[in-house]
Structure formats: structure tokens, C-alpha cells
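J.: Model the structure of this input:
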Amino acid sequence: MLPVKKRSKSRTRTKRAHHALQPTHYSLCPKCSSAKLPHAACGNCGYLNAQITLNLGKEATT
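T.: The predicted model follows:
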């Protein structure tokens, strides 16, 4: 089936107005002050909260 009436460019663009990419929000790690995603472990030092710290093993590159 075909649409009965053509949807105007204005209505199409209004519908897509919220489809833009959203910027990624970062927070600072309280231990090393590097940028990290909120509610996630720090990729630099492995700190998550006072009770949890991940041991990040440094991989040797050959």
C-alpha cells in the first residue's frame, strides 16, 4: 500500500529532530584524575569505589 498523502519535508525533519548523536559524558577518577565513564572502573588505575579496585595487568607488547 502507498501512503495517501506525501509527508512534507518539514514534518519528516521534525520527526528526525531528536536523532542527532549525543556527546559522551565522562567523569574524573578520584584517585588518578583521568577521564572515565560514570559507574565504571577506571581504565588507568582500576579504581571503582573504596571497596573495589581492579588489578589491571599490563600486557607486554612484542
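J.: just so I have it, where are all the helices in this protein?
T.: 9-15 (DSSP state H).
J.: Quick check, central residue of it?
T.: Centrality entry for the chain: nearest residue to the mean C-alpha point is T24, 4.3 Å, by Cα atoms, centre = their mean.
J.: excluding its backbone neighbours, what's nearest C32?
T.: Once flanking residues are discounted, C32 sits nearest to C45: 4.6 Å by Cβ to Cβ, 6 or more residues apart in numbering. Backbone N, C-alpha and C define where each C-beta goes, glycine included.
J.: Low-confidence stretches in the protein?
T.: 58-62 (pLDDT under 70).
J.: State the number of residues packed around the nearest residue to S34 once chain neighbours are set aside.
T.: Excluding its sequence neighbours, the residue lying closest to S34 (Cβ to Cβ, 6+ apart) is N44, at 4.4 Å. Using other Cβ atoms under 10 Å, N44 has 14 other residues around it.
J.: How about the contacts made by N44?
T.: Taking Cβ atoms under 8 Å, 6 or more residues apart in numbering, we find N44 in contact with C29, C32, S34, K36.
J.: farthest pair in the residues you listed?
T.: The most widely separated members of these are C32 and K36, with 9.2 Å between them, by Cβ to Cβ.
J.: Isn't A35 up against L28?
T.: Yes: under the criterion of Cβ atoms under 8 Å, A35 makes contact with L28 at 6.6 Å.
J.: which of the contacts of N44 count as buried?
T.: For the contacts of N44, a neighbour count by 16 or more other Cβ atoms under 10 Å gives the buried set as C29, K36.
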